[in-house]
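Q: Sequence plus predicted model, see below.
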Amino acid sequence: MSSPDPTAIQSGADRPTAKQPVSAALAGPYGHPYHPILVTVPIGAWVTSLVFDIGSHLVDDPDALARGARWLIAVGVIGALAAAIVGLLDLLAIPAKTTAMRTALAHMSLMLVVTVAFAAGFWWRADAGGAVGTGPIVLSALTLALLAVGGSLGGRLAYRYGVRVADETTQAAGFRR
């Protein structure tokens, strides 16, 4: 017995309902969701904050890098909240009791933990002068590792399950001559 061709274009009732447009314009137009582009802000800010933290231990005057790292964490938290709002709209487009929904809930949970951990790291650094201590740096590094796990789940939602990605018929139009 052969399995169905996974690359075949689906039509009608066989088409995944997770690929239907979300009613909120805030989530982005069909096939072009805003959540994936918004997540680049916190990811970039948080990774750069760790680079600044490490750099603060390598320079003669660490204050500027330590302050920069703290404010990059704040920018990341604000960016994560904006991405979460739009991500919630994407979540609402996923049918209940599906693998995609379970993956989305795990992704959302991990990203909330990451955001809270970075917010805690921001407050932990409030009275720090000079180079950042080992504790906040370890927290940032561990939280970035957790971010990578959660981000891979987000990638699975988009690239494997096609959540908020245009259906195959729409995609195929880009490959016609």
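A: Structure received.
Q: how about the nearest residue to residue 107, chain neighbours excluded?
A: Distance criterion Cβ to Cβ, 6 or more residues apart in numbering; nearest residue to residue 107, sequence neighbours excluded, is residue 153 at 3.9 Å. (Glycine included, C-beta is placed from N, CA and C.)
Q: Under a three-state scheme, what state does the one you found occupy?
A: Secondary structure, DSSP: H, G, I helix; E, B strand; the rest coil: residue 153 is helix.
Q: Ok, residue 126 next?
A: What three-state DSSP gives for residue 126 is coil.
Q: Specify the helix with the largest residue count in the protein.
A: Scanning the chain for the longest helix, with DSSP state H as the assignment, gives helix 63-91.
Q: What is that helix packed up against?
A: For helix 63-91, the elements it packs on are helix 35-38, helix 40-55, helix 99-124, judged by 3 or more Cβ pairs under 8 Å, 6 or more residues apart in numbering; DSSP states H and E.
Q: Now the first one: buried residues?
A: Okay, so that is helix 35-38. Within helix 35-38, the residues that count as buried by 16 or more other Cβ atoms under 10 Å are 35, 36, 38.
Q: List of residues touching that helix?
A: 27, 28, 79, 82, 83, 86, 87, 89, 90, 154, 158, 164 (Cβ atoms under 8 Å, 6 or more residues apart in numbering).
Q: pull the CA atoms of that helix into PDB?
A: C-alpha atoms of helix 35-38 as PDB (Å, rounded to 0.1, in the frame of the first residue of the first chain):
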ATOM      1  CA  HIS A  35       4.200  37.600  13.900                       C
ATOM      2  CA  PRO A  36       7.300  36.100  12.200                       C
ATOM      3  CA  ILE A  37       8.700  39.500  11.400                       C
ATOM      4  CA  LEU A  38       7.900  41.000  14.800                       C
END
